[in-house]
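Visitor: Okay, predicted coordinates and the sequence, questions at the end:
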Amino acid sequence: MRRFLAVLVALAILSGSLEALAGSPRPDAPPVSSVRVGTVAPDFTLPTYDGGSVTLSHLRGKVVLINFWATWCPPCRTEKPTMENLYQKFAERGDFVLLAVNVEEDARQALESYLKRTPYSFPIPIDAQGQVQNLYHVYRFPESFIIDRNGIVVDHVIGARDWSDPKTQAYIAKLLGE
């Protein structure tokens, strides 16, 4: 039996996958994020609610806030007005971008209803298939990543934040070189 287990371990190591030993992870188990502070933010392209599209690598040279959210999420809805405040403060500079990535399967319908009641001016990319959500290993909402001008993740925020807080805005201003 030990020899059999040793062979299995060796095969798993050689194949680069220890999941071969454990089987598939439980579907409700949170994934381990490979997107960490200090790493390059994974590139993606998504359609936006307004009919355009956004590609993260095209934003190199700018400070980018990526926020994953859903209209059904109360903390997400609570922080959105403060995100609008942050966006209004820095958007005219041209070197700050806020991407509020909606992760709902029925995003267009959900957003149409939601944005009639509470319109926002920042871009809202749509990740209806969850590809970028999976790429960033996001499973808690809201969840945000702040990316510097070089494309490096400099902060990872889990949960709602008051983005209009003076300390938060000073942090963004510092990243922008103010």
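Guide: Thanks, I have the structure now.
Visitor: thought residue 79 was touching residue 161?
Guide: Yes. The pair residue 79 / residue 161 is scored as a contact, 6.0 Å apart, by Cβ atoms under 8 Å. Heads up, the C-betas are built off the backbone N, CA and C, glycines and all.
Visitor: Pull the number of nearby residues for residue 49.
Guide: By other Cβ atoms under 10 Å, the residues close to residue 49 number 17.
Visitor: dump the residue contacts of the closest residue to it other than its chain neighbours.
Guide: Spatial nearest neighbour of residue 49, chain neighbours left out: residue 124 (4.2 Å); criterion: Cβ to Cβ, 6 or more residues apart in numbering. Each residue near residue 124 by Cβ atoms under 8 Å, 6 or more residues apart in numbering is listed here: 48-50, 99-102, 111, 115.
Visitor: Now which of those residues would you call buried?
Guide: By neighbour count, with 16 or more other Cβ atoms under 10 Å, the contacts of residue 124 hold 48-49, 99-102, 111 as buried.
Visitor: and the nearest residue to residue 106 once chain neighbours are set aside, how many neighbours?
Guide: Leaving out its chain neighbours, the residue that sits closest to residue 106 by Cβ to Cβ, 6+ apart is residue 128, at 7.5 Å. Residue 128 has 16 neighbours, counted by other Cβ under 10 Å.
Visitor: Phi and psi next, for residue 128.
Guide: For residue 128, the backbone dihedrals (degrees, to the nearest 10) come out as phi -60, psi -30.
Visitor: average model confidence for stretch 53-72?
Guide: Here stretch 53-72 scores 98 as its mean pLDDT.
Visitor: An error on my part: the question was meant for stretch 143-161.
Guide: Rounded mean pLDDT across stretch 143-161 is 97.
Visitor: Quick one: end-to-end length of it, please.
Guide: 10 Å (Cα to Cα, to the nearest Å).
Visitor: Flag every buried residue along it.
Guide: Within stretch 143-161, judged by 16+ other Cβ under 10 Å, the buried ones are 143-149, 151, 153-154, 157, 160-161.
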